[in-house]
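K.L.:
Fold the following.
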Amino acid sequence: MNEKEIIEKLEKGKLGLRSIDKHLSPKDAADVRRKFVEKKTGVSLENTSNYSFDVDTATKKNIENMVGATHVPLGVAGPLVIDGDFAKGEFYIPLATTEGALVASVSRGCRAITNAGGAKVFAENKGMTRAPVFKVSGIEEGRKLVQWVEKNFSRIKNVAESTTRFGELKKIHPWICGKNVYLRFVFDTKDAMGMNMAVVACDKVVVELIEKETKVKCIALSGNMCVDKKPSFMNYVKGRGKRVHAEAVLKRNIIEKILKTTPEDLVEVNYRKSMVGSAMAGSLGFNAHFANMVAALYIATGQDPAHVVGGSMGMTTVELEGKDLYISVYMPNVNIGTVGGGTGLATQKEALEMLGVYGAGNTPGDNAMKLAEIVGATVLAGELSVLGALATGDLAKAHVMLGRGK
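P.N.:
Okay, the predicted model is just below:
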């Protein structure tokens, strides 16, 4: 079929958007879909048609029914000095955002922290999780299922790890609730974010081992005890993906010169906003704006943007250290990777290369840990700067100037 025939069949409902891929190359299929949408909506998608990534790769791994690309402005903040177990030295941070003032604010935080000697950071690998739910007849059968899983863990581990070159099943946490049993599988997914890895491994274990041998039915491969892409005390306490800690001590003169405020005012703003205000609102984010830095860095580096939900959770603590300032961030749920997902797309790959973390590390998992530490340090810089803007009353002024172009 030629282009005209395909569009006619689309218009008559005789062909689906996805079915075009059977008749055309990925690039041609995207072009035809775009022309069909333009015809149906009366809107020109001229700018949408401009992109630099490889269409074949994207349509196999990242997108369905492709018509083009959405462009997000990319800025850079820094330099930011980081002293971590994996991230060491001076970094320029790529941030993709449409929020005016964000990159400028993070850059100011980077300047203050770098002048203070840098951010001390470390990350813990808590593992990627998937938690299928099983239906049992009652708590007795639920108990037997849990006992079977505990007894056969080595067999489950072998089956799960047969689906992946690098992934390792570390543990399974069980919960019984009436006629429901939740098994929370925890995987070390090395340099991959690992959600797909965990899904495929769990599916094979459920179908080929648990259901077959226990005769207990799995109702859903995800029973929400994972917890994936939702705010959760489970992940807040146990951690998921990477758990990241970052801190810095800033001399009073740095606070006064760069942030135009005092350590005392920063402590009070954080206490009344991040602590009391968050508690009053029932928030799991005891922070100023983690999500801003997480979203911008995730989009720039090809992470799954939905994991901003987990990245938004956490706590910022600010205290006096003598006459100076101590600030830290705690991030229990940082889900990132340097291989797989959107990390191989052209511009995202370049952003990861800027940070020295693209692809697999020399030791599997090292690059993902390094990126997690960079995320923590970047969030620390953003928190410090916006707290300073709130303390001086300059937040609105900055948004008018940089967010409205006035």
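K.L.:
rest of the way, CA atoms for contacts and neighbours
P.N.:
OK.
K.L.:
Check the gap between residue 26 and residue 334 for me.
P.N.:
In this view, residue 26 and residue 334 are 33 Å apart by CA to CA, to the nearest Å.
K.L.:
Would you mind telling me which of those two has the busier surroundings?
P.N.:
Just comparing residue 26 and residue 334: by other CA atoms under 10 Å the higher neighbour count belongs to residue 334, 30 against 20.
K.L.:
List the residues that contact that one.
P.N.:
Under the criterion of CA atoms under 8 Å, 6 or more residues apart in numbering, the neighbours of residue 334 are 240, 241, 242, 243, 244, 307, 310, 311, 372.
K.L.:
let's see it at 6 Å
P.N.:
By CA atoms under 6 Å, 6 or more residues apart in numbering, the residues touching residue 334 are 241, 242, 311.
K.L.:
Let me know the closest of those to residue 142.
P.N.:
Distance to residue 142 across these (CA to CA) is lowest for residue 241, with 27.9 Å.
K.L.:
any idea what the closest one is structurally, helix, strand or coil?
P.N.:
Secondary structure, DSSP: H, G, I helix; E, B strand; the rest coil: residue 241 is strand.
K.L.:
try residue 310
P.N.:
Residue 310 falls in the helix class when you classify it by three-state DSSP.
K.L.:
One more: residue 320?
P.N.:
strand.
K.L.:
In the sheet, which residues pair with it? Tell me.
P.N.:
residue 325 (DSSP bridges).
K.L.:
going forward can the numbers begin at 33, since that is how I track them
P.N.:
Got it, first residue is 33 now, which makes that one residue 352.
K.L.:
And the pLDDT at it?
P.N.:
We have a pLDDT of 98 for residue 352.
K.L.:
Return a PyMOL selection command for the buried portion of the contacts of residue 366.
P.N.:
Burial among those is assessed by 16 or more other CA atoms under 10 Å; the matching PyMOL selection reads:
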select buried, resi 273+274+343
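K.L.:
what packs against the helix of greatest length in the chain?
P.N.:
Counting by DSSP state H, the longest helix found in the chain is helix 398-424. Here helix 398-424 is seen to pack against helix 134-147, strand 151-162, strand 272-282 when contacts are counted using 3 or more CA pairs under 6 Å, 6 or more residues apart in numbering; DSSP states H and E.
K.L.:
For the shortest one, name the packing helices and strands.
P.N.:
So that's strand 272-282. strand 151-162, strand 356-366, helix 398-424.
K.L.:
Which among the ones you listed is found nearest to residue 332?
P.N.:
Closest among the helices and strands packed on strand 272-282, using CA to CA: helix 398-424, at 11.9 Å.
K.L.:
Could you tell me how far the most centrally placed residue in the chain is located from residue 189?
P.N.:
Within the chain, one residue has its C-alpha closest to the average C-alpha position: by CA atoms, centre = their mean, that is residue 339, at 3.8 Å. Going from residue 339 to residue 189 by CA to CA gives 26 Å.
K.L.:
do the same with residue 213
P.N.:
From residue 213 across to residue 189, the span is 19 Å (CA to CA).
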